[in-house]
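Q: attaching a predicted model along with its sequence, questions to come.
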Amino acid sequence: MEDLKKIIAVFIKKDPETISDSTLINSKAIPGSIFLHRMYSVINKAGYNVNNYSNINTFGELVSLLNGKSAGNASITSEKISTNYEALENENPAIGVDLEAIDNLPVANDFREHEFYINNFSAEEISYSLLKTQPYETFAGLFSAKEALCKVNNNLRSRPFNQIVIKHTPDGKPIFENYSISISHTKTHSIAVAFLNNNSMSFIKERNDDGEGHSLVNEPLKSASNNNKLVIASLIISIFSVLLAAVLLYFYLMKI
């Protein structure tokens, strides 16, 4: 495991020899979600297969996981994503927000071959970003959106980021099933806001009540009151996103 310690030491900025089972290797030790994902991309490239690292806090837990032992709630294989939105409404925040520094993204000669981009973005997302004049800003925005989604639904963290696919409408609006997303960025930072649609929540409750297992995708939603709630929620998230973008722009201009 000495090679593993050398990889981790770069990201937590410690001497590899000082790393022990109790050494923190989670977000408390590594500033920024992008750096955490970069570390595990390098770990995977080195031959250590860890797909779900959301619950790994220490080096000892990582080693136990690699040895096939339980490390908290972590698992090497991805778990099925929960669709119990009634429980999520009570346990998770209604809105998820994430801010990322674009410079934290690794520089790549070919995004389609770099381990970080392969592990965190689908082929469709990589192709979409490559068509943009500033692909790093687009990648950062997509990454922020995925982090924001995970903050709304913590169960999404058990899914590899390249399987949390952000699609776009013909006019460029980002979409993810059953959620509303807004993304903004400056030249230095990206920000995203996500929330679970109220009409999706209501549909799940109705499904749980009648015991029927209808699909959430493309299911017609007929409630006018839910549609009104969605319009109000969309307005709130748009205003919130604009305000956050204004704050980012202010700090960017202060540096000039």
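A: Right, received. Where do you want to start?

Q: contacting residues for the nearest residue in space to Lys132 that is not next to it in sequence?
A: Excluding its sequence neighbours, the residue lying closest to Lys132 (CB to CB, 6 or more residues apart in numbering) is Thr138, at 4.5 Å. C-beta: built from backbone N, CA, C; applies to glycine. Counting by CB atoms under 8 Å, 6 or more residues apart in numbering, Thr138 makes contact with 128-129, 132.

Q: ok, now Ala29?
A: 12, 23.

Q: I'd guess Ala194 is in a strand, am I close?
A: Yes - per DSSP: H, G, I helix; E, B strand; the rest coil, Ala194 lies within a strand segment.

Q: measure it to Lys146 for me?
A: 9 Å (CB to CB, to the nearest Å).

Q: neighbour count: those two, which is higher?
A: Lys146 (30 against 27; other CB atoms under 10 Å).

Q: touching, the more buried one and Val165? I think so.
A: No - applying CB atoms under 8 Å, one finds Lys146 not in contact with Val165, separated by 9.2 Å.

Q: and Ser54, how many neighbours?
A: Ser54: 18 neighbours (other CB under 10 Å).

Q: that one sits in which helix or strand?
A: Element membership of Ser54, judged by DSSP states H and E, is empty: it is in no helix or strand.

Q: excluding sequence neighbours, find me the nearest residue to it.
A: Nearest to Ser54 is Arg157, by CB to CB, 6+ apart, at 3.6 Å.

Q: what does stretch 33-50 contact?
A: Contacting residues not belonging to stretch 33-50 are listed as 3-4, 7-8, 10-11, 25-27, 30, 53, 56, 62, 65-66, 76, 98, 100-101, 104-106, 115-116, 118-120, 140, 143, 147, 161 [CB under 8 Å, 6+ apart].
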